[in-house]
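Chemist: the following block contains a protein sequence and its predicted model.
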Amino acid sequence: MSYPYSLSDYVDEVREYMDKNRIKSPHVVAHSFGARIAVKAAANDPLLFDKLVLTGAAGLKPRKSLYKRIKSVEFSLLKRFVKKEKLQRFYSADYLALDDVMRASFVKIVGETLDGVLPRVKNRTLIVFGDKDRETPLYMAKRYKRGIENSRLVVIRDAGHFAFIDKPYAFNMEVREFLLE
């Protein structure tokens, strides 16, 4: 990619792929970042997909602990007076490993939250989260459930962010039942 992608760019890529391959109203199973794309696409066009399965779905504004809020204020103050190279401790290893274009994409995407578009998702939606998910904690699953009217939440015990790997049988049974309804 030669320019920083936004979430809308990814949605456009999905639509283009679907149009090119004549894919009409598929069921979608989307994990984490893919769920961001699916939710935004479904909010923009309720007829694009049939049913949605969102697992470990990212994209909602995270809660910030008091510690994280203090670190955020500290970073905001320091970045005005200190060279970027001296602020490495504030950046994640994932962020630091990216090239400049990907970093700009990362900032755009993480900065766009989907809380406001959830009511526009009209698709029947199954939300599957692991109770031990630390990347997208269970409180986010509950917010997805509240925000998407026609949704159901399933919590898989002893599963993390990759519930479909941690507990494949439980995950597949829930998804299968939902898609066959």
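Modeler: Thanks, I have it.
Chemist: pick out the residue closest to the middle of this structure.
Modeler: For the chain, the residue nearest the mean C-alpha position is residue 58 (2.3 Å; Cα atoms, centre = their mean).
Chemist: could you pull up the contacting residues of it?
Modeler: Contact analysis of residue 58 by Cβ atoms under 8 Å, 6 or more residues apart in numbering lists 32, 33, 35, 36, 135, 136, 140. Every residue, glycine included, has its C-beta placed from N, CA and C.
Chemist: over to residue 124?
Modeler: Counting by Cβ under 8 Å, 6+ apart, the residues that residue 124 touches are 50, 51, 52, 150, 151, 178.
Chemist: list just the nearest of the contacts of residue 58 to residue 98.
Modeler: Set against residue 98, the nearest of the contacts of residue 58 by Cβ to Cβ is residue 33 (13.9 Å).
Chemist: per-residue pLDDT, the residue nearest to that closest one when sequence neighbours are not counted?
Modeler: Spatial nearest neighbour of residue 33, excluding adjacent residues (Cβ to Cβ, 6 or more residues apart in numbering): residue 58 at 5.8 Å. On pLDDT, residue 58 comes in at 95.
Chemist: and residue 109, what element?
Modeler: Per DSSP states H and E: residue 109 is located in helix 100-111.
Chemist: does anything pack onto the strand or helix carrying residue 170? Which helices or strands?
Modeler: Assessed by DSSP H and E, residue 170 sits inside helix 168-180. Judged by 3 or more Cβ pairs under 8 Å, 6 or more residues apart in numbering; DSSP states H and E, helix 168-180 is in contact with strand 52-55, strand 125-130, strand 151-156, helix 163-166.
Chemist: go again with 10 Å.
Modeler: On a contact count with 3 or more Cβ pairs under 10 Å, 6 or more residues apart in numbering; DSSP states H and E, helix 168-180 meets strand 28-31, strand 52-55, strand 125-130, strand 151-156, helix 163-166.
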